[in-house]
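**Q** Sequence first, predicted model second:
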Amino acid sequence: MFNNITNRLILGFSVPILFLIVLGSILFSGTEHLVELQSDSKEVGDNISATDSYAYDVTRIIASIRGYALYPKDPYYRGTYDKARESMLLNKEELAKITDPQTREAVNAMIQIGDEYDSVAAGVYPLVDADKLNEAKQQILIPRVAKLAEASDRAHTILEARLQDNLLQAQKAKQFQTLMIILGTLITIAATLAAAFLIALPIRRDLPKVVKAAEQIAEGDLQQNIELSNDSSEVGKLMTAFHYMSKKLNALILQMQKSGVQISTSSTQIAAAGKELEATVVEQLASTNEVSATSQQIAATSKELVRVMEQVTQMAQSTATSAGASHNDLNRMETVMRELSGATNSITTKLGVMNEKANNINSVVTTINKVADQTNLLSLNAAIEAEKAGEYGAGFAVVAREIRRLADQTAVATLEIAQMIKEMQSAVSTGVMEMDKFSKSVVDSVADVSKISDRVTQVIEQVQGLTPRFERVSQSIEEQSQGAQQISEAMGQLSQASQQTVDSLRETNSAVDRLDEAANGLRKEIAKFKTA
């Protein structure tokens, strides 16, 4: 229980306070007794004064009646009697307050004498006023001053004895209080010293060890072995806490040293990886820029292809228009040839040549159709290559060149169609001329002309069928151009993101460098600690 410093402090302060409370109680009781004695002594003094005054007043009454008998009707003695009697009555009231039985008995005897003498005096004045002096003198001889003095001395003696007894008791109480103050002071001082010794002894014994251990820990020396204390006081608990704190700090510093090395190694590795990643992202940024430029070139080439295909479409439409006109001419020629059923063999030969040219036109149209199909296929391949452009953009150049070659073939085929149409027109014109010359011989070839008309109709339909295909090719190339433009925009965004990634990696590398510096600083600070 008393191993706790708080309990020791409470005990150390409680014992002196308890002694002081006991001493105060004793002194308070003695002081109250002294106050009572002082009050009783004052009362006794007042009683002595009242007794003397009462005896003096009775004496004055006796002297007044005697003087009034010697000097009858003298108002001075009458006035003296009245004043003395008034004072006697007041003193009588004061004496009536006495409660002590012995004193009360003596005072009552004196008051009885005073009342008797007052009765005598009350009868003397009427006798003197009636000139009955002899009777008055007989009454005057009754009061005896000696008897009054004897009663007064007796009461005075009793009161003086009470006063002396009070003074003796007060002196004894004062001596007792002085003794209690001295003894209480000495006991309080002894108890205080004992409590201080009880409190300070374990602190003085163990506190220097705690201070020394704290100083060593503050200097970074964790090699000392702080012994466990068996003392269950706060100082002992503090020693135990320092013991475990030293062990935990030792383990913490060792762990921090290991962690510092690991942090330094990890930060070095992270810095190296960050620099490698930065170089990779820079290369990726360059590749992205190249892909973006290639995509822009593909978009430009696709726009050019769209323009060429629009021209081819216009030419095909023009060819269809011309073929339509030729069809009308053939219809007219059929009508004419019905009239000229007897056309010559020359016209038949020319018409055969026209038929052969028409066949050639059909072959060229087929070639254009194949080219259109191949263009569609290449457009699909170009779209696939656009999806793969995130890796490298080399395939886009090949596709662009192939599309350009096919476009050239389409243009050549278109020219051939135009040339053949011209030749066909020339042949037809020659046939017309021949028919003009040999109108009679053409009548037999009406059926052939009708067949030629049908074939020209087929050619017109086929040529007209090329226009939607050219439009689809143009639309596909337009879509390819838009896709290339979107790829270029995406590559621009990717380039910006790559640039931001490079900046972030640089900031990360800078932060890793600072982390490495902080880890080195931490290792230097931890190296100051001496561990076991």
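**A** Sure, I can see it.

**Q** Regarding Lys73, what is its secondary structure?
**A** Counting by DSSP: H, G, I helix; E, B strand; the rest coil, the backbone at Lys73 sits in coil.

**Q** Distance check, the closest residue to it other than its chain neighbours against Asp74.
**A** Setting aside the residues directly before and after it, Lys73 is nearest to Asp129 in space (Cβ to Cβ, 6 or more residues apart in numbering), at 6.7 Å. (Glycine included, C-beta is placed from N, CA and C.) Going from Asp129 to Asp74 by Cβ to Cβ, to the nearest Å gives 11 Å.

**Q** Thr508 now?
**A** From Thr508 to Asp74 the distance is 137 Å (Cβ to Cβ).

**Q** Which of the three states applies to Gln482?
**A** Per three-state DSSP, Gln482 ends up helix.

**Q** Thr367 too?
**A** Secondary structure, three-state DSSP: Thr367 is helix.

**Q** and what of Ile98?
**A** Put simply, Ile98 is coil when judged by three-state DSSP.

**Q** residue contacts, it?
**A** Going by Cβ atoms under 8 Å, 6 or more residues apart in numbering, Ile98 touches 47, 104, 107.

**Q** go on, Glu93?
**A** By Cβ under 8 Å, 6+ apart, the contact list for Glu93 is empty.

**Q** Pop out the phi and psi values for it.
**A** Backbone torsions for Glu93, taken as degrees, to the nearest 10, come to phi -60, psi -40.

**Q** same deal with Ala130?
**A** Here is the backbone geometry of Ala130 (degrees, to the nearest 10): phi -90, psi 10.

**Q** any idea of the pLDDT on it?
**A** Note for Ala130: predicted pLDDT of 83.

**Q** ditto for Leu330
**A** 61.

**Q** what's the answer for Val399, then?
**A** 65.

**Q** How about Ile182?
**A** According to the prediction, Ile182 has pLDDT 91.

**Q** Okay, and it sits in which element?
**A** Taking DSSP states H and E as the definition, one finds Ile182 inside helix 145-218.

**Q** other SSEs contacting that helix?
**A** Helix 145-218 sits against helix 5-70, helix 101-129, helix 234-339, with contacts defined as 3 or more Cβ pairs under 8 Å, 6 or more residues apart in numbering; DSSP states H and E.

**Q** Relative to Ala490, which of those helices is closest?
**A** helix 234-339 (8.5 Å; Cβ to Cβ).

**Q** count of residues packed around Arg78?
**A** Here the count is done by other Cβ atoms under 10 Å, and Arg78 has 16 residues near it.

**Q** Mind pulling up the pLDDT for the nearest residue to it once chain neighbours are set aside?
**A** Leaving aside its chain neighbours, Arg78 sits nearest to Tyr68 (6.4 Å; criterion: Cβ to Cβ, 6+ apart). Per-residue pLDDT puts Tyr68 at 82.

**Q** Identify the residues contacting Tyr68.
**A** Taking Cβ under 8 Å, 6+ apart as the test, what Tyr68 contacts is 74, 77-78, 81, 124-125, 128.

**Q** Just the buried residues of those residues.
**A** Buried subset of the contacts of Tyr68 (neighbour count, 16 or more other Cβ atoms under 10 Å): 77-78, 81, 124-125, 128.

**Q** wait, Ala155 sits on Asn108?
**A** No. With contacts counted by Cβ atoms under 8 Å, Ala155 stays clear of Asn108, the gap being 9.1 Å.

**Q** Give me the more crowded residue out of those two.
**A** Neighbour count, other Cβ under 10 Å: between Ala155 and Asn108, Ala155 has more, with 29 against 15.

**Q** List the residues that contact the residue nearest to the more buried one when sequence neighbours are not counted.
**A** Leaving aside its chain neighbours, Ala155 sits nearest to Ala106 (3.8 Å; criterion: Cβ to Cβ, 6+ apart). Contacts for Ala106 (Cβ under 8 Å, 6+ apart) come out as 151, 154-155, 158.

**Q** For the helices and strands packed on helix 145-218, could you give me CSV that also reports distance to Gln458?
**A** Below are those laid out as CSV (distance: least, Cβ to Cβ, whole Å):
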stretch, distance to Gln458
helix 5-70, 121
helix 101-129, 172
helix 234-339, 10
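
**Q** Looking at those, spot the one closest to Gln175.
**A** It's helix 5-70; of the helices and strands packed on helix 145-218, that one is closest to Gln175 (Cβ to Cβ) at 10.0 Å.

**Q** That closest one relative to helix 145-218, how many degrees between them?
**A** If you take axes from the mean of the first three to the mean of the last three Cα atoms, to 10 degrees, helix 5-70 sits at 160 degrees to helix 145-218.

**Q** Now stretch 66-86: buried residues?
**A** Of all the residues in stretch 66-86, those buried under the rule 16+ other Cβ under 10 Å are 66, 68-69, 77-78, 80-81, 84-85.

**Q** now the end-to-end length of that stretch.
**A** One end of stretch 66-86 to the other measures 18 Å (Cα to Cα, to the nearest Å).

**Q** Of the contacts of Tyr68, just say which sits nearest to Gln269.
**A** Minimum separation from Gln269 among these (Cβ to Cβ) is found for Tyr81, which lies at 134.1 Å.

**Q** I'd say the closest one and Ala121 touch.
**A** Yes. Using Cβ under 8 Å, Tyr81 makes contact with Ala121 at a distance of 6.4 Å.

**Q** counting contacts, what elements does the helix or strand hosting Gln458 pack onto?
**A** Using DSSP H and E, Gln458 sits in helix 446-527. Judged by 3+ Cβ pairs under 8 Å, 6+ apart, helix 446-527 is in contact with helix 234-339, helix 345-387, helix 394-437.

**Q** Kindly recompute the last result at 7 Å.
**A** In terms of contacts (3 or more Cβ pairs under 7 Å, 6 or more residues apart in numbering; DSSP states H and E), helix 446-527 is packed against helix 234-339, helix 345-387.

**Q** Test my guess that Tyr77 contacts Ser64.
**A** Yes. With contact defined as Cβ atoms under 7 Å, Tyr77 counts as touching Ser64 (4.8 Å).

**Q** Now the common contact residues for those two.
**A** The contact sets of Tyr77 and Ser64 do not overlap (Cβ atoms under 7 Å, 6 or more residues apart in numbering).

**Q** Over to Lys97: give its phi and psi.
**A** According to degrees, to the nearest 10, Lys97 has phi -80, psi -10.

**Q** averaging pLDDT over each of the helices and strands packed on helix 145-218, which comes out lowest?
**A** In terms of mean pLDDT, the lowest-scoring of the helices and strands packed on helix 145-218 is helix 234-339 (a mean of 70).

**Q** Quick one: neighbours of the residue lying closest to Phe19 once chain neighbours are set aside, just the number.
**A** Spatial nearest neighbour of Phe19, excluding adjacent residues (Cβ to Cβ, 6+ apart): Thr188 at 4.7 Å. Counted with other Cβ under 10 Å, the neighbours of Thr188 add up to 18.

**Q** Ok, the one 3 residues further on next?
**A** Applying other Cβ under 10 Å, we find 20 residues neighbouring Ala191.

**Q** With adjacent residues omitted, what lies nearest to it?
**A** Counting by Cβ to Cβ, 6+ apart, Val15 is the residue found nearest to Ala191 once chain neighbours are left out, at 4.3 Å.

**Q** wait, isn't that neighbour in contact with Leu193?
**A** No. Contact criterion Cβ under 7 Å: Val15 and Leu193 do not qualify, at 10.7 Å.

**Q** Neighbour count for the two, which is higher?
**A** Per other Cβ under 10 Å, whichever of Val15 and Leu193 has more neighbours is Val15, with 18 against 12.

**Q** How much space separates that one from Arg78?
**A** Val15 sits 77 Å away from Arg78, going by Cβ to Cβ.

**Q** now do Lys422
**A** 192 Å.

**Q** Which two among the contacts of Tyr68 are spaced furthest apart?
**A** Asp74 and Val124 (13.2 Å).
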